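# okay, here's the prediction I keep looking at, along with the sequence it came from:
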Amino acid sequence: MEIKKIAIVGAGPAGMMAAIRAAGLKQDVTLFERNPTLGRKLLLSGKGRCNLTNTCDFDSFIEKFSGNGQFLRDAFRKFFNHELMRFFEERGLKLRVERQLRVFPSTDSSASVLAVLKRELLKNKVKVLQDCRINAIIAENGTAKGISFSGARHFSADRIILATGGVSYSFTGSSGDGLEIARSLGHRIVPLRPGLSPLIIRQGYPKLLEGLTLKNIRLKISDEKKEIISPVGELLFTGRGISGPLVFSLSAKIGEWLEKSHNLYMEIDLKPGLSSEQLNSRLLREFKSNPKKNARNTLKILLPQRLIDLSMDILKLSPDKKVSQITQAERLKIISLLKAFRMDITSLASIEEGMVTRGGVSLKDINPRTMESRLVKGLYFAGEIIDVDADTGGFNLQAAFSTGYLAGESAALS
């Protein structure tokens, strides 16, 4: 096999996997990274635990992507969840499957995932150049020939893989450089939007509840014409809005919805396991058993303290009022709040705050069987720079590893 010089730009999960695969096929691989360290965003994934992938079946996996999942079929057929799990387990990293079929390292540490990747780069003799910011890709007659990078230096290459990520969490190095380079070469860039994003709320409630996590709740998102009901899960209050798994899962749909409707609101069912009638019976029993107890202390059986204080204000109910003095109308208002705590949604958080970037290099400009550009021969794309994004649960990281693997193999064998 002819040995090719392959340059890979970006040392995130996609870039590192591309380098490992290409070097494993006996190619001369150089990996360029603008940061002084590798895998900075990878270290943050899964709250530092690294949700590597998900063990759901192939079709269910594809459905987790927001409209563009079909593009990944070839990449997933080449290197899917069980291949990724085997990759790490064969290199000494034990994995475990948790609820919702999410896969994590048994160490509960993203650093252990990164350590395996770095060892493989070293084992396969990948040359790694850190603190190297790429300025441009050199192309002649529609063929990639090399890259120019910081310090007015040039690097000749037979194949180039762009794996520079999106623009979310820019402090990790994902500043959009690769997207601009792709645009300069004629590639269409689908407008960038935040993915897996917190929501901004009109009311001041989130500021009062900042840091509070609510578990086992359900959300209803509506504009009075249609609605989305979430599964039961958890959310987190931030300074300006709400975050957490339930919110992230719905944020793509909500973002698209907000482009058409400005009257979007959310209702939190704080007790999805109980009907309004059951809550009414429970409160009546509690009121009769402890008639001299005040409202604040009684509601401790149902709500965290900070939410009780806010609820009293919303209901205009004195927290010191004895439950024996609470009227039927007041009791029904309490139940209504427990089942439909309403907040108005103004927008998604900024793209910087989204966990992933939606949009990117148009799929129309990429061959899904190889990840090669349809416009520039010898140029490949991998990872978040591509216009694919998915729900939480390990799907986005699997897409990065799979497209990286396919791009590395295609660059080596083409």
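Happy to help now that I have it.
# only C-alpha atoms for contact and neighbour calcs from this point on.
Noted.
# got phi/psi on the closest residue to Phe79 other than its chain neighbours?
Among residues not flanking Phe79 along the chain, Ser402 sits closest, at 5.4 Å (Cα to Cα, 6 or more residues apart in numbering). Dihedral pair for Ser402: phi -70, psi -50, per degrees, to the nearest 10.
# what about Ser402, neighbour count?
Neighbourhood size, Ser402 [other Cα atoms under 10 Å]: 30.
# so it touches Arg73, yeah?
No. Ser402 is not in contact with Arg73 according to Cα atoms under 8 Å; the separation is 9.9 Å.
# pLDDT weak spots in the stretch 151-300 of the chain?
Applying pLDDT under 70 to the stretch 151-300 of the chain flags residues 151-152, 173.
# all the strands of it, residue numbers only.
Remark: strands assigned in the stretch 151-300 of the chain by DSSP state E, counting those that start in this stretch are 153-156, 159-162, 189-195, 199-201, 213-222, 227-229, 233-237, 241-243, 265-269.
# next one: the stretch 301-414 of the chain
For the stretch 301-414 of the chain, strands defined by DSSP E, counting those that start in this stretch occupy the ranges 341-348, 356-361, 379-381.
# and Arg86, which of those is closest to it?
Proximity to Arg86 (Cα to Cα) singles out strand 379-381 among those, at 24.1 Å.
# closest one to Ile308 among the strands of the stretch 151-300 of the chain?
strand 213-222 (12.7 Å).
# flag every buried residue along the closest one.
Buried residues in strand 213-222, counted by 16 or more other Cα atoms under 10 Å: 214, 217-222.
# ditto for stretch 191-204
Buried residues in stretch 191-204 (16+ other Cα under 10 Å): 192-201.
# break the chain down into its domains, please.
Following automatic domain parsing, one finds the domains of the chain at 5-194+356-413, 198-348.
# and among these, the most buried is which?
Mean neighbours per residue, mean count of other Cα atoms under 10 Å, is largest over those for domain 5-194+356-413, with a mean of 21.
# distance from the chain centre to that one, please.
In terms of Cα atoms, centre = their mean, to the nearest Å, the centre of domain 5-194+356-413 is set 15 Å apart from its chain centre.
# measure that domain end to end?
Terminal residues of domain 5-194+356-413 are spaced 12 Å apart (Cα to Cα, to the nearest Å).
# now stretch 374-392
Length of stretch 374-392, first residue to last, Cα to Cα: 30 Å.
# now stretch 356-374
Note: stretch 356-374 ends 25 Å apart using Cα to Cα.
# residues in contact with the closest residue to Lys78 other than its chain neighbours?
Among residues not flanking Lys78 along the chain, Leu406 sits closest, at 6.9 Å (Cα to Cα, 6+ apart). If you count contacts by Cα atoms under 8 Å, 6 or more residues apart in numbering, Leu406 has them with 18, 75, 78-79, 370-371.
# just send the buried residues of strand 213-222 back as JSON lines, with distance to Cys132 too.
Shown next, in JSON lines, are the buried residues of strand 213-222 (distance: Cα to Cα, whole Å):
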{"residue": "Leu214", "distance to Cys132": "43"}
{"residue": "Ile217", "distance to Cys132": "46"}
{"residue": "Arg218", "distance to Cys132": "46"}
{"residue": "Leu219", "distance to Cys132": "45"}
{"residue": "Lys220", "distance to Cys132": "47"}
{"residue": "Ile221", "distance to Cys132": "45"}
{"residue": "Ser222", "distance to Cys132": "47"}
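# for the residues you listed, work out which two are farthest apart.
The largest separation in the buried residues of strand 213-222, counting by Cα to Cα, is between Leu214 and Ser222 at 20.3 Å.
# can you give me the helices in the stretch 101-250 of the chain?
Taking DSSP state H, counting those that start in this stretch as the test, the helices found in the stretch 101-250 of the chain are 110-123, 177-184, 205-208, 245-258.
# quick one: list the elements packing against the third one.
Looking back up the chat, that one is helix 205-208. strand 241-243 (3 or more Cα pairs under 8 Å, 6 or more residues apart in numbering; DSSP states H and E).
# partner strands of the strand it packs on, with direction?
strand 199-201 (antiparallel), strand 233-237 (antiparallel) (DSSP bridges).
# any idea how far that strand is from the chain center?
15 Å.
# Gln398 is nearest to which of the strands of the stretch 151-300 of the chain?
If you check each of those against Gln398 by Cα to Cα, strand 189-195 wins as the nearest, at 16.1 Å.
# now the angle between helix 177-184 and the closest one, please.
160 degrees (axes from the mean of the first three to the mean of the last three Cα atoms, to 10 degrees).
# quick one on the thing from earlier: nearest to Gly383, out of the strands of the stretch 151-300 of the chain?
For Gly383, the closest of the strands of the stretch 151-300 of the chain is strand 159-162, at 8.6 Å, according to Cα to Cα.
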